[in-house]
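Engineer: Compute the structure for the input listed below.
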Amino acid sequence: MYERYFKRPFDVISSLLVLLMGWPVFLILALLIRMKLGAPIIFSQARPGKDGKLFQLYKFRSMTDARGKDGTLLPDADRMTDFGRKLRATSLDELPELINILKGDMSVVGPRPQLVRDMVFFTPEEMKRQSVLPGLTGLAQISGRNNIDWKERFRYDLQYIQHITFAEDMRIIYRTIFKVGAQEDIATEGMETSEDYGDWLLRRNQVTQESYDDKQKMAEMLLVQAGLKRD
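Structural biologist: Numbering: from 1, shown residues only. Take a look at the predicted model:
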């Protein structure tokens, strides 16, 4: 009953309230990002949503666009600034996703939207997480976020979608507030951000290099077909 009739109205009302009450914070952050990191202020990236449909996810920019001599972007660790780390540590970079919630791309609570280049490695069981709208936060985020391995994250996602209730969503939101306050599990241990699922599988020899390369090409093809920005 909650999932079918009340979850979407709750998403819209709660997102609007946060946007209306938090617009001064948005404005201050936008000005700081413009001064410290330049333009654009909003970073957008294609992510798979419900039923695998791709959408543009919005975040506040937290890294520079520094490139090497060959024109390719430098690794995350080289483009991350102290200001960007603080944005991520407080999860303030996620605030523009409220727009995605209002648009119907996302929910307040649900499995986090992963990269397209992650989705192409999903097993049929893991693809079940795409049967619901992705969330701003979720069960995996309060259970270890980016500092638990990928298979464990997916287990939490699948556990959540099997029993979606108002009480569980409230519990996850409540726990998320404390997680953000404690600034825990922001990135994978030893890394600046989170390791891609495909890279994780390759590092553990769970996929071959040939299979990995084929999946990366598949991800690029999906992005081209959808006419969206590459990861």
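Engineer: how about the helix or strand of the chain with the lowest mean pLDDT as PDB, C-alpha atoms only?
Structural biologist: For the chain, counting by mean pLDDT, DSSP states H and E, helix 76-79 ranks last in confidence among helices and strands (a mean of 80). What follows is helix 76-79, C-alpha atoms only, in PDB (Å, rounded to 0.1, in the frame of the first residue of the first chain):
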ATOM      1  CA  ASP A  76      40.100  11.300  -9.200                       C
ATOM      2  CA  ALA A  77      42.800  11.600  -6.600                       C
ATOM      3  CA  ASP A  78      44.500  14.300  -8.800                       C
ATOM      4  CA  ARG A  79      41.300  16.200  -9.400                       C
END
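Engineer: by contact count, what packs against the helix or strand just after it?
Structural biologist: Remark: after helix 76-79, the chain's next helix or strand is helix 82-89, criterion DSSP states H and E. Helix 82-89 sits against helix 7-36, with contacts defined as 3 or more Cβ pairs under 8 Å, 6 or more residues apart in numbering; DSSP states H and E. Every residue, glycine included, has its C-beta placed from N, CA and C.
Engineer: that older thread, got the buried residues for the least confident helix or strand of the chain?
Structural biologist: For helix 76-79, burial by neighbour count (16 or more other Cβ atoms under 10 Å) applies to Arg79.
Engineer: Begin at 48, not 1, for the rest of this chat.
Structural biologist: Shifting the count to begin at 48 puts that one at helix 123-126.
Engineer: Helices of the chain, residue ranges please.
Structural biologist: For the chain, helices defined by DSSP state H occupy the ranges 54-83, 123-126, 129-136, 144-150, 163-166, 197-208, 213-229, 244-250, 256-273.
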